[in-house]
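**Student:** mind looking at a prediction? Sequence and model below.
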Amino acid sequence: MTGGLEGYDAVAEANAQKSVLAIHWSRICERLKAEVGEVEYRTWLRQITVGPVDEDEITLYLPTRFLRDWVRGQYGDRLGTLWNAEVPAIRRVELQVARPGSASAPLPADGAAAAASA
């Protein structure tokens, strides 16, 4: 009878992790806005979505290769520093191009604040 609950526990744990990541991402976004300004943030960083955490690495997604490369060159180190300050276990940030129709539901930068307040 506990077999059904194991699947529920895994889903509940995944949802809890997404909520925690949303709170951290919201804080990081606020720091980035304060550092680079609203216009720069909206132009280059707002489209970042948060993907999975794998050991000490978090994956962030951007919609295009151009944006990914530009953000990596301009903000890659800063994103790593901010994530490590927020979650010391995260030591690396991987920037990837999001695949359309991806099975995972990444956390958008603008939606992170809403998730954090829920």
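**Tutor:** The structure has been received and is ready for your questions.

**Student:** what bridges to E94?
**Tutor:** Beta-bridge partners for E94, by DSSP bridges, are T59.

**Student:** can you report how many residues lie near it?
**Tutor:** 15 (other CB atoms under 10 Å). Every residue, glycine included, has its C-beta placed from N, CA and C.

**Student:** pretty sure it sits against D56.
**Tutor:** No - applying CB atoms under 8 Å as the test, E94 and D56 come out as separate, 10.8 Å apart.

**Student:** center of the chain - which residue?
**Tutor:** V50 (2.3 Å; CA atoms, centre = their mean).

**Student:** ok, that one to D9 distance?
**Tutor:** 23 Å (CB to CB, to the nearest Å).

**Student:** equivalent analysis for P88, please.
**Tutor:** 26 Å.

**Student:** residue boundaries of the strands in this structure?
**Tutor:** For the chain, the strands defined by DSSP state E occupy 49-54, 57-62, 92-97, 107-108.

**Student:** need phi/psi at A89.
**Tutor:** Phi and psi for A89, reported as degrees, to the nearest 10, are phi -70, psi -20.

**Student:** so for the closest residue to it other than its chain neighbours, what's the pLDDT?
**Tutor:** Nearest residue to A89, sequence neighbours excluded (CB to CB, 6 or more residues apart in numbering): D56, at 6.1 Å. pLDDT recorded at D56 is 95.
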